[in-house]
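> What follows is a predicted structure for the sequence shown.
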Amino acid sequence: MTKTILITGASSGIGRATSLYFAQQGWNVIATMRTPEKETELTKMANILVTALEVTKPETIKAAIEKGIEQFGHIDALLNNAGYGQQGLFEAVTADKIQEQFDVNVFGVMNVTRAILPYLRKQQTESVIVNITSGVGKIPFPMTSIYTASKYAIEGYTEALAYELDSQNIKVKIIEPGYVQTNFQERAGEEFAIDDSLTDYKEFLEVTNQLLGNLSSAEIFTANDVAATIFRAVTDGTQQLRYVAGSDIEQMINTRKEKTEQEYVEYLRGLFAPQGFNNKKQ
């Protein structure tokens, strides 16, 4: 029997690449997005259903699940991919923007998962839920405090949920991508929080922006590389919980494992602070 996956945020980036990847492997794909009327490529594939879903609107989630089951008969996997990255100094991010970040990245994942679980349990067959977090869900960077907080929340939520759903024959998994060149970065740039009155951070911002720029120019995974990792997580039949997708973030995680907690904190602090910066106001 041909298997079916529902993917959120399929209009671009990792979501689009994963939709195509699974379809090419012979899966049926329910590719969901906020504006399906704009999609022209995925709609040409017979085994891809493109339909509307906005993670902050439960009625669209319910409708997408029902439409997918009507077309393909069942759903075997869910990829919670929809999300974005709010960046900028914490003091520059408004309360409304913080709420929006959590509405999409945290409560949106929970909304979709809550809606699909009754269907997965009813099927009585093995199924898989995969949540996309981020490298910053393991290795926090400055200028990403709100995004990092949302991904830390999903890391903890997913691990706890995995233990619950073992009892229902539902595997739950986490994908932790490093830097991936997609339009995710473009939106992050557009959403970047700026407050020109915060002049005390000027020196810090100069150093941090240069370092983050260097990181983004290093060797990176493509969206298709991440899609292959997601496919492996869905199909490998193991109880593995976390999958790292990117040599950059894998290196950082290994560095953290090799050092004590405080050694690692001091190592990262040294990267993001100009010489003598920590002591300048003492």
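Noted; the coordinates are in hand. Numbering: from 1, shown residues only.

> What lies in contact with stretch 65-74?
Contact with stretch 65-74 is made by 2, 4, 6, 28, 30, 49, 51, 75, 115-116, 119, 123, 125, as judged by CB atoms under 8 Å, 6 or more residues apart in numbering. Just so you know, the C-beta spots here come from the backbone N, C-alpha and C atoms, and that holds for glycine as well.

> how does it look with 10 Å?
1-6, 27-32, 47, 49, 51-53, 75, 78, 112, 115-116, 118-120, 122-123, 125, 127 (CB atoms under 10 Å, 6 or more residues apart in numbering).

> so where do the strands sit in this structure?
Taking DSSP state E as the test, the strands found in the chain are 4-7, 28-33, 48-52, 77-80, 127-132, 170-177, 242-245.

> now the ones you listed in JSON lines, with distance to L211, mean pLDDT and mean neighbour count?
Output for the strands of the chain, formatted as JSON lines (distance: least, CB to CB, whole Å; pLDDT from 0 to 100; neighbours: other CB atoms under 10 Å):
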{"stretch": "strand 4-7", "distance to L211": "33", "mean pLDDT": "98", "mean neighbour count": "26"}
{"stretch": "strand 28-33", "distance to L211": "34", "mean pLDDT": "98", "mean neighbour count": "27"}
{"stretch": "strand 48-52", "distance to L211": "39", "mean pLDDT": "98", "mean neighbour count": "20"}
{"stretch": "strand 77-80", "distance to L211": "30", "mean pLDDT": "98", "mean neighbour count": "28"}
{"stretch": "strand 127-132", "distance to L211": "25", "mean pLDDT": "98", "mean neighbour count": "25"}
{"stretch": "strand 170-177", "distance to L211": "20", "mean pLDDT": "97", "mean neighbour count": "24"}
{"stretch": "strand 242-245", "distance to L211": "21", "mean pLDDT": "94", "mean neighbour count": "20"}
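
> Report the contact partners of P177.
Taking CB under 10 Å, 6+ apart as the definition of contact, the neighbours of P177 are 14, 132-137, 184, 220-221, 223, 225-226, 229-230, 243-246, 248-249.

> what about 8 Å?
Taking CB under 8 Å, 6+ apart, we find P177 in contact with 14, 132, 134-135, 221, 226, 245-246, 249.

> do I5 as well
Contact analysis of I5 by CB under 8 Å, 6+ apart lists 22, 27-30, 75-79, 234.

> Closest to Y152 out of the residues you listed?
For these, the closest approach to Y152 (CB to CB) belongs to L79, at 20.0 Å.

> Please name the residues that touch the closest residue to that closest one other than its chain neighbours.
Leaving out its chain neighbours, the residue that sits closest to L79 by CB to CB, 6 or more residues apart in numbering is I7, at 4.5 Å. If a contact means CB under 8 Å, 6+ apart, then I7 has 15, 18-19, 22, 29-32, 79, 81 as its contacts.

> how about those in a markdown table, adding distance to A63?
As requested, those are arranged in a markdown table below (distance: CB to CB, whole Å):
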| residue | distance to A63 |
| --- | --- |
| G15 | 18 |
| T18 | 21 |
| S19 | 19 |
| F22 | 21 |
| V29 | 17 |
| I30 | 11 |
| A31 | 15 |
| T32 | 10 |
| L79 | 18 |
| N81 | 19 |
